[in-house]
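Visitor: Okay, here's the prediction I keep looking at, along with the sequence it came from:
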Amino acid sequence: MPAQIIESRPRPYNRVELDPITLDIIENAMLNARWEMDAVLFRTAMSPGIREQHDEFPMIANLEGKMVVGQFGSFIHGFKEAYDGTIEEGDMFLTTDPYACNGAVSHANDWLLLRPIYKDGRLIAYASMFGHMTDIGGKVPGSLPTDARQIFEEGIRVPPVKIYKNDELQEDVLRLILHNCRLPHWNRSDFNAIVAAIRTAEKRVLEMAERFGDDVYYSALEELLDRNKRAMGTLINMTIPETKQYFEDYICDDGLGMGPYRIKCAMWREGEKVIFDFEGTDPQSISSVNFYLNEEMFKMFAGVYMIMVFDPQIMFNDGFYDLMEVRIPEGTLLKPRFPAALSCRTHALGRIFDILGGLLGQGNPDFLCAAGFSDSPHFMYSGYRRADGEWYQLYQIGFGGIPGKPFGDGPDGHSLWPSFTNVPNEFLESYFPLRIDVYETLTDSGGPGQHRGGNALRVGYRFLEPGEISIHDDRWLTYPWGVNGGLPGQRSRKILHRTDGSEELLQSKCDRIKVEPGDLLYFDTWGGGGWGDPLKRPAEQVGFDVAAGLVSVNGARRYGVVCNEDGEVDESATEKLRADMATERGDTLLFDFGGTTEELKARCEEETGLPAPAAPEFQNWFGSAA
Amino acid sequence: MSFRLGVDVGGTFTDLLLVNEQSGEMYTAKVPSTPEDSSIGVSNGIDRVCGDADVDPGDITHVMHGTTVATNTILTGTGAKVGLVTTKGYRQVLQIARSFVPGGLGGWVIYNKSLPIAPLALTIEADERVGADGSVVHELNVESLEAELQKLAGKGVEALTVSLINSFANPAHEQQVREVAEGVLPGVPVSLSSEVVPEMQEYERTITTVANSYVRPKVATYVRNLEQQLNDTMSGVQLHVLRSDGGLASADAAEAVPVNLLMSGPAGGVSGAIWIASQADHNNLLTFDMGGTSTDVALVQDGQAQLRRETTVGDVTVRASSVDVRTVGAGGGSIAHVPELTGALRVGPQSAGADPGPAAYAKGGEEPTVTDANVVLGYLPAEVRLGGDMKLDRGAAEAAVQKIADALGLSLMEAASGIVSLVNENMYGALRLVSVEQGHDPREFALIAFGGAGPLHANALGRLMSSWPVIIPPGPGVLCAYGDATTRVRNEASRTFIRRFGRTNAEEAADIFADLAEQASQALDEEGIPRSDQTLSYQADIRYHGQGLLLTVDFELDDLRQQGLDVIGDRFDQMHEQLFTFALPEDKELVNLRAVSEGKPTVVRALRVAEGDASPAAAEMVSHEIYVDGGMQQAMLYDRSKLKAGNVITGPAIVLEMDSTTLILPAHEGQVDEYGNILITPSNS
C-alpha cells in the first residue's frame, strides 16, 4: 500500500495567474534556499568526506514530490509507492537502503533524510538531503568492500523509518544504528548537520509561502516545473534525432579479476519524447560494482547535460520528466536484483556521464565533450596507532583530468562532481598518521587536442603507522577517450614502494592491503580526453604548457610542436612536423578509444603490468539475465 | 592646533574630510577625481578643504586614506611577475587549487579556469620537508635550491614568494630559503607565507602570500608617492591606510602586507556608515553599497562590523581578515536579458561597465541595464539635473528596455519594473546571507544605503527585509572619508595553535595570548602610540574537534585566566546553537589565537544641517511622473542641499544630490535628522 498523507486541515491549493517577475523572484529565492542548505551542512558536519569534499546533495520538492531545486532529481514518488505507512506533520524519514527507495541513494553509505513540510495543517513541500557517511560498519573499514557478494556484507541498512516523530528524535533507533558504525560520533554529527540543513530549507519554504501567499507559492512551483518542460521540449526537438544513436563504454573490472563490463545505451526520439534504452548492458556482477540506477535520476543527468550550454542560470527541476523515458533491463549491472552488493557503484555511476556525453554529442560534434574524470576513486587507510592504540580511519576521494571540451581546456587535477573539493594536505597530516610527499598532476597525462584534456593527479601517500589500505579506481584498462580528433588521456595506476626498495603494482580495486611505516603509495588517477585536432592547437599554447611543466618537450610532439624546455617553439620545424603528421594520420576520428576492448586486453599486461581481466562470470541465481 | 584628514578617491569624485582634533569640528570638500594620477585630485582637494577651513596644511598631522589600488591590480591583472618556491612535490599547488569546479552538475562543460597569478613556469621546488608537528623531516638542500633559483634569474621575476608545507608550524626552512634567494636574486623582494599568514592549509596560505607579492610593487609605489607628496605640504605628516578589516595601517605596514588592503575601499564605506549611523543612535545596521557593476553588503552589530578571515577579489580568495562584505555581481550597469529557450528574465552577470555603460549614458551602449530601467520608470529623472552628474538619454533607455518588454510580452513600464524587482531580489539574497543566514533577525537592524545606486533601491529593500529605518546619509563619497577619518589604528598578531581543550589548559593558551598581545602592541609603539592609549582585545577561532568550520569568539584575557577555557567554550556553544540550531557534546578545539591592539578613537562631531519644520517645501523642485506599484504617479523632486532638519518628505518622492538619487516609495516618508540623514519608514508606523 502506498504511503498515506495525513493533513489536519486538508484543502486544495488554487492555481493562480502569476506575473513572470514574481516567478523569477521565487525561482531565485528557491535557489538561495538550496545553497543555504549546503552552507549549513558543510559548516557543521564532521567527516572530511562531507565537510571538506562535499559528498552530499540537497533537494526541495513540491507537494507532489517533484524536485523544484536540487541536483539529482526526486525519488519521492518511488518512496511513497514503496512506503507502507503514514506521512505526518513533524515526521522526518531516514533511509539508507537503495532497494527501499528505488535507488534514490545507490549505496548504503549515503544517508537520506526526507522531511514533509506542512503549513497551517496541510502539506506544502518536501525537503531532503543525503550525505556519504565515512563508515557504516560491515566487513571493511569504510564499508565499501569490493569483494562483497551481497548487500548484507556492506554495513547497516536502514529501511525507511521515522527518525523524528512529531518532531521528537527517536533516540533508540539512532542509537541502534550508530552502534553498528566504526566512527559513531562522525555519523551522529553528520546526521545532525543534515537535519539542520533540512530545517533551514523548511524555514525558507514557510517564509516564502508567507510572503507571497500559499496559492502563489504553490502556483509558482508548478509554473517553474512547466517552464522547464517547455524549455526541454524545445531542446529535445532541436537536438535529438528520430533515428537511433548508440553508445557504449565500460568499467574495466569488478575487483575479482573479471571485466570489462559493458554499459550500452541507445537513444532516439518518438514525437516529443526521447527514449534511452540500456538494452545490451551486461548482467549484474557478483561483486559490488553494480549500480542501482534510478530512472528519474538518469533523466536529470541527461537533462542537465543537454541544457548546460543554453541557459546555465536555469533552475533545473523535474518538470520535463514526462518527455523522457528510460528503460533499464532488470538483472543488469544498472538494475541488479536484491540482494546484490552495491557499495562500489561509483565507477558505473561515473561512467554514465561519459556515456551521456557520447550519446548526446555524436549528433552535435560542436557540443561533444571528451571522456573525463568519470569516477570518484576512493582511498581508505585505517588501523591502530602504535603509541596509544587509538583507531584512525581515513576516507578520501581522488581527483583527475577534466576532459577537453568545446569551450576550452579541461582543468588539471579537478573534480567533475558538483561542489567537491580536496582536503588540504596539511589538515590530513595533522589528523592522520601519514605525509603527502607528492601532490601534483602528471605531465603529459591529459589527452592532446586542440583543447587539451586535464592532467591526472598523483598523490604520494607516505604511511607513518602500520595499517590497511583500500583502493577503488577504474580506467586502468580502457582509455578516457578523445573526440573530434583529440587523443585519449593517460590511464590510472597505483604503485606501492616498500621501505625495502621493492615496488608493487596494485590492482585498481583492492581491499586490505597491509602497509608499514615508511611505505609510499603513488595514487595516480587518469587524465581527461582531448577535444579537437591537436595539430590545430596554437603552437605557442603548447609551448606555454611545456614551460609550465604540464606537457613535456616530447609530449609537445604529439601536438606536432617542436620546442625547447622553456617552451620556445621552432616554427619551421613545427610546420614541417605538423604537415608530415597530418599526411600520415589521414582523417581524424570522431571518437578515439585507444583501441577495441579485445586489443586493449591483448596489450594489457605489456602496457599496464597487470594481467588482463578474465571474461566476467555473471551473477545469475535468478536464471538468465535480461 | 592639529588636524587629521580623511581622503577617499572614488571613480568620479575625491572626497575630503578635515577634522580639528581638539574641537572635533570638521570641514568637507569634494573635487573631481583624476584617474590618470589620483594624487592630483588629492592635492586639489587638500588645497580646497584647507582654503575653505582657513587651515594651514602644515597643521595636519595625520592623513587617513582608503584605497582601491590593491583591488584594481588584481581585477585588471596588472600585478608583479611573481616567482614561487614550494616544497618538493607541491609545485602545482596553485594550479590544482582546491580541485573545485563551480556551476553544479555538468558545470565543468562551460568552466574555463583562469591562470594562477604566480605562473607555473616561474615556480620552483625546494628539497626539504617539515612535518605537521613542526619537526624537520629532512633538511633543506641548499645546493639544489641555488640551482633552481638560478633558473629564475633573467626571467624578470619582480617578487619572490616562499610557501613551504607545514611552515605554519615551523618557519625555519622558509627563512633559510629567503637567505639563499637574497644571494642568488639580489634586489628581488621575498615574502614568506609563515610571516604573511602563519596558518594551516597550504593552498590558502600560498595564494595569500602570492597575492601579497603580486600587488606589492603597485601599492608600494602608490603609497610612497602619496606620502612624498603629502610631506611636501605638511612636513612630518603620518599617512595611514585603511585595511580590509576596518583598522588603520601605517604606510610602512600597508606597503609590507598589502594583501590586507584588498577590501580597503568597501571597509571605508562600512566604517563611515557605522560612524554616521551611531551619531543618529543606530548601532545595528545592514550596510548596502550599490555601485555600477557590483553591490557590497555587510552586517554591523553593536557598532562592530562582522569580520571574516577571507577576502575575495575576482577569482582570487585569500586568507586575510576583512569586514564581512558580501559582493553581488549586480549593480546599475547589470544587463537584463531573456534567454530564448527558457523565456525567463535574467539580470546580469554581464555588465555594461563604464564603457559603453547603460544605454541612457548615450556612449554607445544598447543593452538594457538596471540604470536604464530606473530612467524609464522616472526614478532617475532625465529632465532635471544638478551640476556634475551625467546627462541621461531617456529615449535610448526606453529603446533598450523595450527589447525586454517585447521578449516577455509586457509593457515597457512592466518590463522596467521587472528588471528593478529582480535586481532588488538579488540584493535581498545578499542581505539575507549576512543577516538571516547568520542567525540575525533583519527586523532588528536599520538599513543604511550608499554608493551611486544604493539610495535608489534602498527603500524597496527596506520593505523586503522589514529593516527600518532606511538611512540615506548625505553624500556617499563623504561617507567613506568619514570612515577614513574616524577609524582607529589597529594591528593584530595571530598564530595557529591546534589543541583540543582536553589536551591544553587555560594557562598555556593565556601565555600565548600574552605573547601575541605584545607583538600586536609593538607595531603601535612604533607609530608613537603610548601603551596607555592602546586597547587590547583577544579572539580565538574554535570548533568542535573534527569540524571544518571556525567560529571566532571574543573574550577577556583575565576571564580566561580565572575561569578557564569554558569562557571560550560556552560562548562557542551558544554561537553554534544560534547559527545552526544545535550544539554538540564533542570536545572543542582551539585553532587560531589572535590578539588585536587598537589606538584611541578620534573625537569627531558630525556636521549638522540647519533646523527647519516638517515642511520640505523650500527644497521642492518640480513634480515629475514615475511608474510605481503598477501605475503612473506624480512624485515631487527635492534638492537635497536645501533640506533642513525636521523636514518630512512624503512618498512618492525623489531627492536629488550631486552624486546620488534617493527614491522614497508611496506610503513611506523620509524624515531629515539633524545630521542631514534621510530616515525612511513606512508612513503608518
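Guide: Nice, thanks for sending it over. Numbering: from 1, shown residues only, chains lettered A, B, ... in the order given.
Visitor: From here on, just use CA atoms for contacts and neighbour counts.
Guide: OK.
Visitor: Give me the below-cutoff pLDDT ranges for the chain.
Guide: With no chain named, the answer covers chain A. Filtered on pLDDT under 70, chain A yields the residue ranges A:309-315, A:619-626.
Visitor: actually chain B
Guide: Chain B contains residues with pLDDT under 70 at B:11-12, B:353-354, B:384-390, B:437-439, B:476-477, B:548, B:685.
Visitor: Residue for residue, what is the longest helix it has?
Guide: Counting by DSSP state H, the longest helix found in chain B is helix B:202-233.
Visitor: any idea of the angle the next helix or strand after that helix forms with helix B:202-233?
Guide: Going down the chain from helix B:202-233, the next helix or strand is strand B:238-242, by DSSP states H and E. Strand B:238-242 and helix B:202-233 are oriented at 150 degrees to each other (axes from the mean of the first three to the mean of the last three Cα atoms, to 10 degrees).
Visitor: CA atoms only: put strand B:238-242 into PDB for me.
Guide: Extracted in PDB, the C-alpha atoms of strand B:238-242 (Å, rounded to 0.1, in the frame of the first residue of the first chain):
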ATOM      1  CA  GLN B 238      51.800  60.400   9.200                       C
ATOM      2  CA  LEU B 239      49.900  58.600   6.400                       C
ATOM      3  CA  HIS B 240      47.700  55.700   7.400                       C
ATOM      4  CA  VAL B 241      45.900  53.400   5.000                       C
ATOM      5  CA  LEU B 242      42.600  51.800   5.800                       C
END
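Visitor: what's that strand packed up against?
Guide: If you count contacts as 3 or more Cα pairs under 8 Å, 6 or more residues apart in numbering or on different chains; DSSP states H and E, strand B:238-242 packs onto strand B:60-66, strand B:248-250, helix B:251-256, helix B:264-279.
Visitor: Apply 7 Å and report the result again.
Guide: strand B:60-66, strand B:248-250, helix B:251-256 (3 or more Cα pairs under 7 Å, 6 or more residues apart in numbering or on different chains; DSSP states H and E).
Visitor: what's the most buried one of these?
Guide: Using mean count of other Cα atoms under 10 Å in any protein chain shown, the stretch among these with the largest mean neighbour count is strand B:248-250, at a mean of 26.
Visitor: How far off centre is that one?
Guide: Distance, stretch centre to chain centre, for strand B:248-250: 16 Å (Cα atoms, centre = their mean, to the nearest Å).
Visitor: which stretches of the stretch 201-350 of chain A form helices?
Guide: Using DSSP state H, counting those that start in this stretch, the helices of the stretch 201-350 of chain A run over residues A:214-239, A:295-307, A:346-361.
Visitor: Quick check: which helices or strands does the second one pack against?
Guide: Contact partners of helix A:295-307 among helices and strands, from 3+ Cα pairs under 7 Å, 6+ apart: none.
Visitor: what number of residues lie near the closest residue to A:H54 other than its chain neighbours?
Guide: Nearest in space to A:H54, with sequence neighbours left out and distances taken as Cα to Cα, 6 or more residues apart in numbering or on different chains, is A:F420 at 5.0 Å. By the measure other Cα atoms under 10 Å in any protein chain shown, the count of residues near A:F420 is 25.
Visitor: ok, so what distance separates whichever residue of the stretch 151-300 of chain B sits closest to chain A from B:A305?
Guide: Residue nearest to chain A within the stretch 151-300 of chain B: B:Q201 (5.5 Å; Cα to the nearest Cα). According to Cα to Cα, to the nearest Å, B:Q201 and B:A305 sit 26 Å apart.
Visitor: out of those two, which sits in the busier spot?
Guide: B:A305 (25 against 18).
Visitor: need the contact list for that one.
Guide: Under the criterion of Cα atoms under 7 Å, 6 or more residues apart in numbering or on different chains, the neighbours of B:A305 are B:299, B:323.
Visitor: Next, the contact list for the residue nearest to A:H54, please.
Guide: A:F420 sits next to A:53-55, B:100 when contact means Cα under 7 Å, 6+ apart.
Visitor: How is the chain divided into domains?
Guide: Since you didn't name a chain, this refers to chain A. The record's domain parsing of chain A by automatic domain parsing lists A:4-232, A:365-533+A:588-611.
Visitor: nope, chain B please
Guide: For chain B, the structural domains run B:81-214, B:334-375+B:384-423, B:490-598, going by automatic domain parsing.
Visitor: Right, I'll leave it there.
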